[in-house]
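Peer 1: okay, here's the prediction I keep looking at, along with the sequence it came from:
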Amino acid sequence: MIVLYTDFGAADPYVGQVHAVLARDAPGVPVIDLLHTVPRFDVRAGAYFLPALAAEFPSGTVFVCVVDPGVGGSRRPVVLRAEGRTYVGPDNGLFEIVARRAPSAEVRAITWRPGRLSTSFHGRDLFAPAAALLARRIEPESAPAVLTPPQGAPWPDDLPQVVYIDHYGNAMTGLRACAVPAHAVLEAAGRRLPQARVFADVADGEAFWYVNSIGLVELAVNRGSAAELLGLRVGSEVSVRASRAPAGGRVRRAPGPA
Amino acid sequence: MIVLYTDFGAADPYVGQVHAVLARDAPGVPVIDLLHTVPRFDVRAGAYFLPALAAEFPSGTVFVCVVDPGVGGSRRPVVLRAEGRTYVGPDNGLFEIVARRAPSAEVRAITWRPGRLSTSFHGRDLFAPAAALLARRIEPESAPAVLTPPQGAPWPDDLPQVVYIDHYGNAMTGLRACAVPAHAVLEAAGRRLPQARVFADVADGEAFWYVNSIGLVELAVNRGSAAELLGLRVGSEVSVRASRAPAGGRVRRAPGPA
Amino acid sequence: MIVLYTDFGAADPYVGQVHAVLARDAPGVPVIDLLHTVPRFDVRAGAYFLPALAAEFPSGTVFVCVVDPGVGGSRRPVVLRAEGRTYVGPDNGLFEIVARRAPSAEVRAITWRPGRLSTSFHGRDLFAPAAALLARRIEPESAPAVLTPPQGAPWPDDLPQVVYIDHYGNAMTGLRACAVPAHAVLEAAGRRLPQARVFADVADGEAFWYVNSIGLVELAVNRGSAAELLGLRVGSEVSVRASRAPAGGRVRRAPGPA
């Protein structure tokens, strides 16, 4: 199985162009569009969101991961192997957290180059063809490498920031459940948010946080948009204020990606 | 064939996660993304839109239908069989209109539970795996049941409200063609709308209603957005004012999901 | 392979309905969603964007192309064969540029009609079923024809206008690289834009133009939105001002559909 994880957008031609390459180079291999709305150009947000989503996929899955503002520059294409999964993409920090959390990780710089290589669309020209080879158990030419450590902003083990906002307005953070006390009160955008088990346990319009279905701390509002209500955006900071008993206990009707 | 009908959004990771489950549990079965933009949390709008879309699909189709704000609460997962089609989803009203319009309908509560069941994403964890079983003609453990009657707002046989607005700005209603006189004048948002056969029969920028390609009354503007021009949103009321001769007769160039 | 190119939108039910028809009529044939966000009703923009995208696809590909505001009127359904590819869609100008640029092109009017033909959704009822036949090497009933010359606005060989804006805010034009001197300065929205090789060669926030991965002149901003910064929209005019040395030479981190 080949899984796509990019900032190519859900409505532009780029995803279809990649599918066409995969249909040509790996016919019959199932291709899953996992996410094409990684916050654009935001390698760090993409890096913290990726391992939570990837953990659902079985050993043998090949991921094509492209958030690549430096395309056409000097960053290398790499293959990362970790926990039985294979990741193809740019060596720009996008694989930093997957690699760091894995018991062991093998990195190789892809030295193979396709016959046609544009300057601006390596997803189509290099990463997808390389992934097609890997899905067919053919090794593109490569050399042992180590990931280039990302520069600039801090890269802690868990990122206390919003990394993705879904269309309901739920705000996922780069914090795993294990990084926050179970009944902590969180603060975001100047508001204190109690913990709840699920939407159905809090009143309509009430803001809370919970551990979402991929194990991340998520800020949410029952039947409403946390992003709008709290003024959250990707990069908004989240902090732990205190620990106390969870909100709710009542059962009410509630939203979410059911 | 498995058909997905949800409010998961067209751009978030939820749809890809469901596809991954179906690829694992029902490999080789075609999966169609029919709609992932059912108005969010709006079970009633989804309930009236579903039968018009589902009628196009052949006997044997398995639908995964998820608009499920109460996920994690007490609502049951159910299977509905009606007119040769099978529907899997929450017992929250979403299947009310499909069942009501069918000559006969069989409902079963799904008592089977997967090994892993999150509190907030039963689409991935329960409904998709159950649908995969059904598509493979394996019956998940279940018990005879009746649908829980929906509460609150009225649920007439045809709903005189906007239930979906497409990206052209066309506003589909919960009214079937048979519920409105063929040449009626409709009123919506304080405006009177004549009937026309199709976009090509009215002038650019002119508002009208017509019977759309799935048999629903739709409010539209030729080469324009009815939603913007008339200020329509999901839930806007529509009423029959009078009957008279249809608009148009002229043939002009015109828009629509051609 | 069947490729879809429409203005049906990426989030409405229309695409899924077409997929259902193709799964029924051409089971097992791969279907690629190339683009469903051709600017709505904009046949001319779609006509100039299509050949740049189509050129990537191999001989034998069948395209279903639908931007069809005149559906239900008198425009004919046609099949175009050019450079080994087959295009099915309305005879309204959408195929004008593909045909004009091909060394030779064969056009046939489709006289075959399906058992069920709605007035407003020929993509589902006529074009997709016809494409399914063609993909299976069955010829739908047709007659020799010539494309109807498009009316109204000018249709030059290259269109000096924006024809598509992607979600990054990059603005693609209807100008092929061969239509503009390699290091020309372009003007759009009152701003002069130097040429660069790729995003990574210009500073953050700097506007430039480059030849994109499908050979079109594209207006862009490194790590920013050209559409927002320059106030561009589909139809914005682009002109060649002068030729001089390219921008950049520096290597910086930069965005794009990598």
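Peer 2: Yes, it's here. Numbers count the residues shown, from 1 in each chain, chains lettered A, B, ... in the order given.

Peer 1: check which helix or strand covers the closest residue to chain C within chain A.
Peer 2: Nearest residue of chain A to chain C, counting by CB to the nearest CB: A:Asp68, 2.8 Å away. Quick note: C-beta positions are derived from backbone N, CA and C, even for glycine. A:Asp68 belongs to no helix or strand when assigned by DSSP states H and E.

Peer 1: before we move on, what about the one 5 residues further on?
Peer 2: Counting by DSSP H and E, A:Gly73 is held by no secondary-structure element, helix or strand.

Peer 1: so it sits right up against C:Ala200, yeah?
Peer 2: Yes. With contact defined as CB atoms under 8 Å, A:Gly73 counts as touching C:Ala200 (3.3 Å).

Peer 1: who's more crowded, the two?
Peer 2: Neighbour tally, A:Gly73 and C:Ala200, criterion other CB atoms under 10 Å in any protein chain shown: the higher count belongs to C:Ala200, 26 against 18.

Peer 1: what's the burial count for A:Ser142?
Peer 2: The tally of other residues near A:Ser142 (other CB under 10 Å) stands at 16.

Peer 1: next, give phi and psi for it.
Peer 2: A:Ser142 adopts backbone torsions of phi -160, psi 170, taken as degrees, to the nearest 10.

Peer 1: which residues in the stretch 151-258 of chain A form strands?
Peer 2: Per DSSP state E, counting those that start in this stretch, the stretch 151-258 of chain A carries strands over the ranges A:159-165, A:171-176, A:184-188, A:191-193, A:207-211, A:216-221, A:238-243.

Peer 1: show me how far the first one is from its chain's centre.
Peer 2: Put plainly, it is strand A:159-165. Here strand A:159-165 is found 10 Å from its chain centre; the criterion is CA atoms, centre = their mean, to the nearest Å.

Peer 1: just checking, what packs against that strand?
Peer 2: helix A:43-54, strand A:171-176, strand A:238-243 (3 or more CB pairs under 8 Å, 6 or more residues apart in numbering or on different chains; DSSP states H and E).

Peer 1: so can I have a markdown table of those showing mean neighbour count, mean pLDDT and distance to B:Ser142?
Peer 2: Below are the helices and strands packed on strand A:159-165 laid out as a markdown table (neighbours: other CB atoms under 10 Å in any protein chain shown; pLDDT from 0 to 100; distance: least, CB to CB, whole Å):
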| stretch | mean neighbour count | mean pLDDT | distance to B:Ser142 |
| --- | --- | --- | --- |
| helix A:43-54 | 24 | 98 | 31 |
| strand A:171-176 | 25 | 98 | 33 |
| strand A:238-243 | 14 | 86 | 41 |
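
Peer 1: tell me which of these lies nearest to C:Ser239.
Peer 2: Closest approach to C:Ser239 among the helices and strands packed on strand A:159-165 (CB to CB): helix A:43-54, 35.9 Å.

Peer 1: whether the closest one contacts chain C - can you check?
Peer 2: No. Residues of helix A:43-54 contacting chain C under CB under 8 Å from any CB of the partner chain: none, with a closest distance of 9.1 Å.

Peer 1: what does that helix rub up against?
Peer 2: With contacts defined as CB atoms under 8 Å, 6 or more residues apart in numbering or on different chains, helix A:43-54 is touched by A:3, A:5, A:7, A:34-35, A:38-39, A:61, A:63, A:65, A:67, A:69, A:85, A:87, A:92-98, A:101, A:150, A:153, A:155, A:158-159, A:161, A:163-164, A:172, A:174, A:176, A:214-216, A:234-235, B:13, B:17.

Peer 1: report the buried members of these.
Peer 2: Neighbour counting by 16 or more other CB atoms under 10 Å in any protein chain shown classes A:3, A:5, A:7, A:34-35, A:38-39, A:61, A:63, A:65, A:67, A:69, A:85, A:87, A:92-98, A:150, A:155, A:158-159, A:161, A:163-164, A:172, A:174, A:176, A:214-216, A:234, B:13, B:17 among the contacts of helix A:43-54 as buried.

Peer 1: cool, thanks, talk later.
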